[in-house]
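**Q** output the structure for:
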Amino acid sequence: MDLAIDGATLVDEADFHARIREASGVTWYGGSLDALFDLLVAVVDPPISLSITNAAAARKVIGERFDRILTVIFDAIAERPGAIMFKLES
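**A** Numbering: from 1, shown residues only. Next up is the predicted model:
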């Protein structure tokens, strides 16, 4: 899975999850933080490449939940070392 998200183009958290669903090809992806973790750790085959640019804009649109999304991504990276490449730019 390869996904680059420009935070300046996000509408809301549901939009973030819709982009994850589309990039992963997993149509049953539930669009929640638990589903995001499961997707990154157990569903999608590596390599997984995620990048978020304009993270400050994404946080402004999504709010504090953006921090929770980042925590889930970092937890997945810790659970699956070497399988997930993540780039975050503000």
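**Q** which one is Val61 nearest to, not counting chain neighbours?
**A** Nearest residue to Val61, sequence neighbours excluded (Cβ to Cβ, 6 or more residues apart in numbering): Leu10, at 5.2 Å. The way it works is simple: take the backbone N, C-alpha and C, and place the C-beta from them, glycine included.
**Q** how far is the longest helix anywhere in the chain from where the chain is centred?
**A** For the chain, the longest helix by residue count, based on DSSP state H, is helix 65-79. Counting by Cα atoms, centre = their mean, to the nearest Å, helix 65-79 is centred 8 Å from the centre of its parent chain.
**Q** which stretches of this protein form strands?
**A** 2-6, 48-53, 84-88 (DSSP state E).
**Q** enumerate every residue touching Val43.
**A** Contacts of Val43 were listed using Cβ atoms under 8 Å, 6 or more residues apart in numbering, and they are Ser24, Val26.
**Q** against Glu89, how distant is it?
**A** 26 Å (Cβ to Cβ, to the nearest Å).
**Q** ok, now Val61?
**A** 16 Å.
**Q** more neighbours, the two?
**A** Remark: of Val61 and Glu89, Val61 carries more neighbours, 17 against 11, as counted by other Cβ atoms under 10 Å.
**Q** contacting residues for the more buried one?
**A** Residues counted as contacts of Val61 (Cβ under 8 Å, 6+ apart) are Gly7, Leu10, Val11, Asp12.
**Q** okay, now the unreliable bits of the protein?
**A** Counting by pLDDT under 70, the chain shows no low-confidence range.
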